[in-house]
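Student: Here is my input, please return the structure:
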Amino acid sequence: QARTSTKRNSRDGKAWYYLGLARSSQGAFKDARKAFLNAEKWMPNDAGVFSGLAWTSLRMGDRPNAGHYARQALKHDPERAEAHFVLAVTAMPEQSFKTAYERASAAIKSDPKMWAAYRIRAFALIGSFSTQMNIVIKSPNPRSELLVEAADDLAVYLDQMPNTDHGHFDRRYLESLRYFAAHYRKKEQSDDLFQDAATADRTPYQITTKPKAVYSDEARTARVSGKVRLLAQLRADRTVGHVLLLTPLGFGLDERAMDAARKIRFEPAIE
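Tutor: Residues are numbered from 1 along each chain as shown. Modelled structure (predicted):
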C-alpha cells in the first residue's frame, strides 16, 4: 500500500516513511534508506524519519551517517529511544563505553521494552571492566560490580527474547559472566589471594596449542577488522572453561574468536 501511495503521490512523506519501515523489516536496507531519504524531503522535521535513516545506515555499516542521523532525530525528539540506541551501538567500536552506557540507559528509560539496549549496556559495562584500571563508567572499586550489573542487564535481555537465536550470547555466556563477577568479587574481598599469588612457588602455564580465529564472511563484506579481547578460565585439566567477551567487534567476529579460544590447550600452572 505504501508503494502504491508513493506512485500515486510522490510527495507523500508518510507513504515513503512506511515504505522505508517495510523495506527495513525485510532486510532491504539500501532500498529502505532511499525511501527514508524521500520521506525526509517532505517531512524534514520528523524524528521517526531520521531514526529510520540512522538505523538503515547502521545496518549498512555506515557508522558516521548513522550517528549523524541519530543526532538529527534527537534534535526533534530528545527521548527518541531508537536514536539513543543507534548512538550507543556506534560508540562501542570506538570503546567509548561511558557514552554507550549512557545512550543505552537513555534508550531504556524512553522505552523499557527495547531489549537490545540492555544487551548493549551489558557490553558497555564489560568493556569498561576490561579497560585495565581505568574504569570509565563507575568507580574502579569494586570492579566486580560492573560485571554484576552487566549480568543483570543480559539476563533481562535473554528473558525478554526467549525464542531468539542469540548465537553465543545465550545462557551459557550469562553463566560465564556471573562466574567472573563472583571470581573478581572474591579477589576484592580477600587480600590473602593477592598475597598468595605473589609469594607462591609457581610454575606459570604454557600455551601448547592456540588456533587462529577464522574471519567471517559478514565482516569481510562490511570491511570490518580489529582485535577481539577475551577473558578465559584455564582449568587444571588443560581445557578452557568460561570465556568472556571483553571488547566485541560484531559481524560474526566475536563468535569466531570465542570458538578459537575454547580450543586453546596448555600445560597448567603448578604450585
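
Student: How far off centre is stretch 250-257?
Tutor: 11 Å (CA atoms, centre = their mean, to the nearest Å).

Student: What's the mean pLDDT across it?
Tutor: Here stretch 250-257 scores 88 as its mean pLDDT.

Student: Can I get that stretch in PDB? Just the C-alpha atoms.
Tutor: This file holds the C-alpha atoms of stretch 250-257, laid out as PDB (Å, rounded to 0.1, in the frame of the first residue of the first chain):
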ATOM      1  CA  GLY A 250      30.400  -7.800  15.900                       C
ATOM      2  CA  PHE A 251      29.800  -9.100  12.300                       C
ATOM      3  CA  GLY A 252      30.400 -12.700  13.500                       C
ATOM      4  CA  LEU A 253      34.000 -12.000  14.600                       C
ATOM      5  CA  ASP A 254      33.200 -12.300  18.300                       C
ATOM      6  CA  GLU A 255      31.800 -15.800  17.900                       C
ATOM      7  CA  ARG A 256      34.700 -16.900  15.800                       C
ATOM      8  CA  ALA A 257      37.200 -15.500  18.400                       C
END
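
Student: which residues are contacting that stretch?
Tutor: The contact list for stretch 250-257, computed with CB atoms under 8 Å, 6 or more residues apart in numbering, reads 92-93, 167-168, 213-219, 222, 224, 226, 228, 230, 245, 248. To be clear about C-beta, it is placed using only N, CA and C from the backbone, and glycine gets the same treatment.

Student: at 7 Å instead, please
Tutor: Contact partners of stretch 250-257, identified using CB atoms under 7 Å, 6 or more residues apart in numbering, comprise 167-168, 213-214, 216, 218-219, 222, 224, 228, 230, 245, 248.

Student: Quick one: name whatever helix or strand follows the particular helix or strand that has M258 in it.
Tutor: Assigned by DSSP states H and E, M258 falls within helix 253-262. Sequence-wise, the next helix or strand downstream of helix 253-262 (DSSP H and E) is strand 265-267.

Student: In that following strand, which residues are buried?
Tutor: Neighbour counts over strand 265-267 (16 or more other CB atoms under 10 Å) mark F266 as buried.

Student: ok so, going back, quick one: the helix holding M258 to chain centroid distance?
Tutor: With CA atoms, centre = their mean, you get 15 Å for helix 253-262.

Student: buried residues in it?
Tutor: 253-258, 260-262.

Student: The residues you listed: which two are farthest apart?
Tutor: L253 and R262 (15.3 Å; CB to CB).

Student: Next, the closest residue to R63 other than its chain neighbours: secondary structure please.
Tutor: Leaving aside its sequence neighbours, R63 sits nearest to T90 (CB to CB, 6 or more residues apart in numbering; 4.8 Å). On the three-state scheme (DSSP: H, G, I helix; E, B strand; the rest coil), T90 is labelled helix.

Student: List the contacts of T90.
Tutor: 58, 63, 66-67.

Student: quick one: which of those residues is nearest A106?
Tutor: For these, the nearest to A106 is G67 (14.6 Å; CB to CB).

Student: Help me confirm that the closest one comes into contact with A88.
Tutor: No. Counting by CB atoms under 7 Å, G67 does not reach A88; the two are 10.6 Å apart.

Student: the more surrounded of those two?
Tutor: More crowded of G67 and A88, by other CB atoms under 10 Å: A88, with 27 against 19.

Student: That one touches A100, doesn't it?
Tutor: Yes. With contact defined as CB under 7 Å, A88 counts as touching A100 (4.7 Å).

Student: follow-up on the earlier one: nearest to Q189, of the buried residues of helix 253-262?
Tutor: Nearest to Q189 among the buried residues of helix 253-262, with distances taken as CB to CB, is A261, at 27.7 Å.

Student: JSON lines for the buried residues of helix 253-262, including distance to P142?
Tutor: JSON lines is the format used below for those (distance: CB to CB, whole Å):
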{"residue": "L253", "distance to P142": "31"}
{"residue": "D254", "distance to P142": "26"}
{"residue": "E255", "distance to P142": "30"}
{"residue": "R256", "distance to P142": "32"}
{"residue": "A257", "distance to P142": "27"}
{"residue": "M258", "distance to P142": "26"}
{"residue": "A260", "distance to P142": "31"}
{"residue": "A261", "distance to P142": "26"}
{"residue": "R262", "distance to P142": "28"}
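
Student: Kindly give the local confidence score, pLDDT, for the residue nearest to R63.
Tutor: 93.
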